[in-house]
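**Student:** Curious how this folds, go ahead:
(6 chains)
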Number of protein chains: 4
Amino acid sequence: MVQVPREVDKHARIIEAATKIFSQKGYFHSKIADVAEAAGVAEGTIYLYFKSKEDLLISIFEHSMDKFIHEGKKELSKFSSPEEKFKRFVHFHLSLVQENQNLSHVIQLELRQSSKFMKEYKADKFFDYLRVVEEIIEEGQKSGVFSLKINPKIIRRAIFGAVDEMALEWVLMKEKKYTLEKCADQLCEMFLNGMKANPQGSA
Amino acid sequence: MVQVPREVDKHARIIEAATKIFSQKGYFHSKIADVAEAAGVAEGTIYLYFKSKEDLLISIFEHSMDKFIHEGKKELSKFSSPEEKFKRFVHFHLSLVQENQNLSHVIQLELRQSSKFMKEYKADKFFDYLRVVEEIIEEGQKSGVFSLKINPKIIRRAIFGAVDEMALEWVLMKEKKYTLEKCADQLCEMFLNGMKANPQGSA
Amino acid sequence: MVQVPREVDKHARIIEAATKIFSQKGYFHSKIADVAEAAGVAEGTIYLYFKSKEDLLISIFEHSMDKFIHEGKKELSKFSSPEEKFKRFVHFHLSLVQENQNLSHVIQLELRQSSKFMKEYKADKFFDYLRVVEEIIEEGQKSGVFSLKINPKIIRRAIFGAVDEMALEWVLMKEKKYTLEKCADQLCEMFLNGMKANPQGSA
Amino acid sequence: MVQVPREVDKHARIIEAATKIFSQKGYFHSKIADVAEAAGVAEGTIYLYFKSKEDLLISIFEHSMDKFIHEGKKELSKFSSPEEKFKRFVHFHLSLVQENQNLSHVIQLELRQSSKFMKEYKADKFFDYLRVVEEIIEEGQKSGVFSLKINPKIIRRAIFGAVDEMALEWVLMKEKKYTLEKCADQLCEMFLNGMKANPQGSA
DNA sequence: GATGAATGAGCATTCATTCAT
DNA sequence: AATGAATGAATGCTCATTCAT
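**Tutor:** Presented below is the predicted three-dimensional model:
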């Protein structure tokens, strides 16, 4: 009576297939029929699990973000120094991208084609993610290692932009010229220096 | 009796109309008929100037990048210190975005929906733009103000990502919570500190 | 503690539910799922009792016509004068419509959307119904109260059309401007006069 | 330079084709592709002239009713006696049906499948038509040939129902057992007798 | 018998592109 | 060059029907 998942949960299989197809062909050029075939289900079945093609796209994002934010926070909680946390954050983000290239592609490029997402959803889960960065910065400011001149609400987005653009470039790069590890090191070096508090204060 | 340019170059009028329409509705949701109406020409006329809808999208990018790279270089040539050049670059980019919000929207969001652009074109004009940043960094490294640890090819992209993400956030922000000037200052402060060469070595 | 029939015959329950749903939404806009829900059964169950959606539609008709023809004949048998029978027929038909508005709606409007019904079935049960009228007319002609000029096969249909159209109008009328009784009286007055045999010949 | 309609007006051609297809297959079973092919145009062309399939169905009705009401009034105006007008009305209606069987089929059977029509449109043009009958009755009542007991608003509908049902039966009849002329005569005989004013009045 | 998840054929509608004028 | 009516390929979604449980 062992519970063997005879066939993987259809919901998950469709999400997975859609991620692959969308990242390969682009959202608008992907057909529901393509996704259905890749998931090994009938077209109609997709509509038993998702309201529409757009809903499917947005679900890909939501499905993963919950998991990543949870894992990210868990990962960061292992470290106490804000600098160390920051390093872990950057490495974590880039390693996620490396391990989930299709998913990254969909979130970074395809998701923005959903006006529904751009208008309504983005806020929620995405800002949860940004808030993680913000909290690291604020923690560093309180403990005196990051400069108080830094506006966490502005810089958090700059950091996200930098890290994400690196990830995007890397994902799109056909012949990888350097490892994501190398990128992470460069980014940390620059951002940590850039946010560092001046020992005696400066003009 | 305001002097309206009676018959502005149709090519430019179509580019202008397409930029507006694409940024408002998104590339895939924009119809050639919409663009034609906004440009005050017949649908068929668009095909006298552009091979296809995708060609029109890419043309928007090429049309503007030439101009911006040219203007940018001219602007930067007024300054000699790499730090000053860097500041001008950041301000210049952000002010361009501010003054051409529709265009920015199209380049940042819609353009990526063209697989042709993502695969073929991006390199050319976009890398010209990135090279401007790269050159500033290299110049700073040569003159000893920027750390040699910085890999210009990596960091140029991080900087672009950060600046562009700030611009994107600002464009999408409905109630502007801060000026782009403020953003520019924060970014410069952080990046210049981050890239600064350590006089006596680092920790 | 009202005595609700705990498990009414499913066949009847589905017919009843379908009648309601079809009359509300129209046959083509009604989904089997709607009917199943209204009947409190699973979708698949419907196919245990009916071959197809169309079969269900036609069954509604057959189910009721048997009953109505039987009741109608019984009702009419109480009267011996053809004129009285005619009046009873008109009142009976209109009162049936009044008491079974959903059913009337389905028979008058939705049933005609079944090509199968229009081509094959209509004859049987519907002509049984028409024959009732025909027989009244013929009886009246034999007994000399109805004119021999009347062609019972033609006029029976005209009478049916008139009575049914009145019923339809009345069913669709939102604010009832007059009672069906009033209609019945008007119809009888006119038809009986119209069919009356002229004692000394006609003008 | 003679203006020869090189190809008949597409709008009319589509209406004509749709009438034929709808009457043959029924509205819901007809595909836009069928209509397009019958009209000798591309599918998309239909949408240049009609908003939707339903709009096309309703247009068939409107297109013809204007013409028929106009022609009908013109025809009736040739006669002055209400009785004669009534006869002409019945003959006119039945002859229209005979000459436009496909159209009649669509108006009598298919049109009712449009909820839009049933809810919104029917009133307008259809009541124009009914009003013609009503006016004949009222005129007859004023001139004393029709009984004042007749309620024109009720009987007009009964007459319409009778005439229309006859027409429907005739249209659907495969082997015509009698001419529509014969029907018309029977109907007139009965209705005129039925509405006739009693010389000295009756109980 | 009863269920309801799964199926997949079917179709109205859109819209980039063409081409006769 | 300019037009815009006409085209027709393309596809998201629905829903009657089936069938493994």
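
**Student:** Give the burial count for residue A:84, as a bare number.
**Tutor:** 13 (other C-beta atoms under 10 Å in any protein chain shown). No exception for glycine: its C-beta is placed from N, CA and C like everyone else's.

**Student:** er, residue A:99 actually
**Tutor:** 10.

**Student:** try residue A:179
**Tutor:** Around residue A:179 there are 12 other residues, counting by other C-beta under 10 Å.

**Student:** Next one: it relative to residue C:77, how far apart?
**Tutor:** 98 Å (C-beta to C-beta, to the nearest Å).

**Student:** Check residue A:184 too.
**Tutor:** Applying C-beta to C-beta, one obtains 97 Å for the distance of residue A:184 from residue C:77.

**Student:** Show me which of the two is the more surrounded one.
**Tutor:** Neighbours were counted for residue A:184 and for residue C:77 using other C-beta under 10 Å; residue A:184 has more, 21 against 10.

**Student:** Hmm, the more buried one is touching residue A:89, no?
**Tutor:** No - Residue A:184 lies out of contact with residue A:89 (C-beta atoms under 8 Å); the separation is 9.7 Å.

**Student:** in stretch A:144-156, what counts as buried?
**Tutor:** By neighbour count on 16 or more other C-beta atoms under 10 Å in any protein chain shown, the buried set for stretch A:144-156 is A:145-147, A:149-152, A:154-156.

**Student:** How about stretch A:61-76?
**Tutor:** Within stretch A:61-76, judged by 16+ other C-beta under 10 Å, the buried ones are A:61, A:64-65, A:68-69, A:72, A:75-76.

**Student:** cool, stretch A:181-197 as well?
**Tutor:** Per 16+ other C-beta under 10 Å, stretch A:181-197 contains these buried residues: A:183-197.

**Student:** and after the longest helix belonging to chain A, which helix or strand comes next?
**Tutor:** Counting by DSSP state H, the longest helix found in chain A is helix A:53-76. The first helix or strand that comes after helix A:53-76 along the chain, using DSSP states H and E, is helix A:82-99.

**Student:** helices or strands next to that next one in the packing?
**Tutor:** helix A:53-76, helix A:122-142, helix A:152-172, helix A:180-195 (3 or more C-beta pairs under 8 Å, 6 or more residues apart in numbering or on different chains; DSSP states H and E).

**Student:** I'd like those helices written out as CSV, with mean pLDDT and distance to chain B added.
**Tutor:** Compiled in CSV, the helices and strands packed on helix A:82-99 are given as follows (pLDDT from 0 to 100; distance: least, C-beta to the nearest C-beta, whole Å):
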stretch, mean pLDDT, distance to chain B
helix A:53-76, 89, 12
helix A:122-142, 84, 9
helix A:152-172, 88, 2
helix A:180-195, 92, 3
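
**Student:** The closest residue to residue A:172 other than its chain neighbours: neighbour count?
**Tutor:** Distances taken as C-beta to C-beta, 6 or more residues apart in numbering or on different chains put residue B:118 closest to residue A:172, at 7.1 Å, once the chain neighbours are dropped. Using other C-beta under 10 Å, residue B:118 has 14 other residues around it.

**Student:** Residue A:124 too?
**Tutor:** Residue A:124 has 11 nearby residues by other C-beta under 10 Å.

**Student:** I'd like to know which residues of chain A are adjacent to DNA strand F.
**Tutor:** A:29-33, A:43-44, A:47, A:52-54 (C-beta under 7 Å from any atom of the strand).

**Student:** Quick one: buried ones out of those?
**Tutor:** By 16+ other C-beta under 10 Å, the residues of chain A next to DNA strand F give A:30, A:32, A:53 as buried.

**Student:** just to revisit the earlier point, quick one: the residue nearest to residue A:172 and chain C, what's the gap?
**Tutor:** Taking C-beta to the nearest C-beta, to the nearest Å as the measure, residue B:118 falls 43 Å from chain C.

**Student:** So that residue lies in a helix, does it not?
**Tutor:** Yes - counting by DSSP: H, G, I helix; E, B strand; the rest coil, residue B:118 is located in a helix.

**Student:** What's the local residue count around whichever residue of chain A sits closest to chain C?
**Tutor:** Going by C-beta to the nearest C-beta, chain C is nearest to residue A:48 of chain A, at 12.4 Å. By other C-beta under 10 Å, the residues close to residue A:48 number 11.

**Student:** For residue A:83, see how far away residue A:91 is.
**Tutor:** 13 Å.

**Student:** still on that earlier bit, alpha carbons only: can I get the longest helix of chain A in CSV?
**Tutor:** Provided in CSV are the C-alpha atoms of helix A:53-76 (Å, rounded to 0.1, in the frame of the first residue of the first chain):
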residue,chain,number,x,y,z
LYS,A,53,-3.3,31.1,-20.8
GLU,A,54,-2.5,34.2,-19.0
ASP,A,55,-3.4,32.6,-15.7
LEU,A,56,-1.0,29.8,-16.5
LEU,A,57,1.8,32.3,-17.1
ILE,A,58,1.2,34.1,-13.8
SER,A,59,0.9,30.8,-12.0
ILE,A,60,4.4,29.9,-13.0
PHE,A,61,5.6,33.0,-11.2
GLU,A,62,3.6,32.5,-8.1
HIS,A,63,4.3,28.8,-7.9
SER,A,64,8.1,29.5,-7.7
MET,A,65,8.2,32.7,-5.8
ASP,A,66,6.6,31.2,-2.7
LYS,A,67,9.2,28.5,-2.7
PHE,A,68,12.2,30.8,-3.4
ILE,A,69,11.3,33.4,-0.8
HIS,A,70,10.9,30.7,1.8
GLU,A,71,14.1,29.0,0.9
GLY,A,72,15.9,32.3,0.6
LYS,A,73,14.9,33.5,4.1
LYS,A,74,15.9,30.1,5.5
GLU,A,75,19.3,30.3,3.8
LEU,A,76,19.9,33.8,5.0
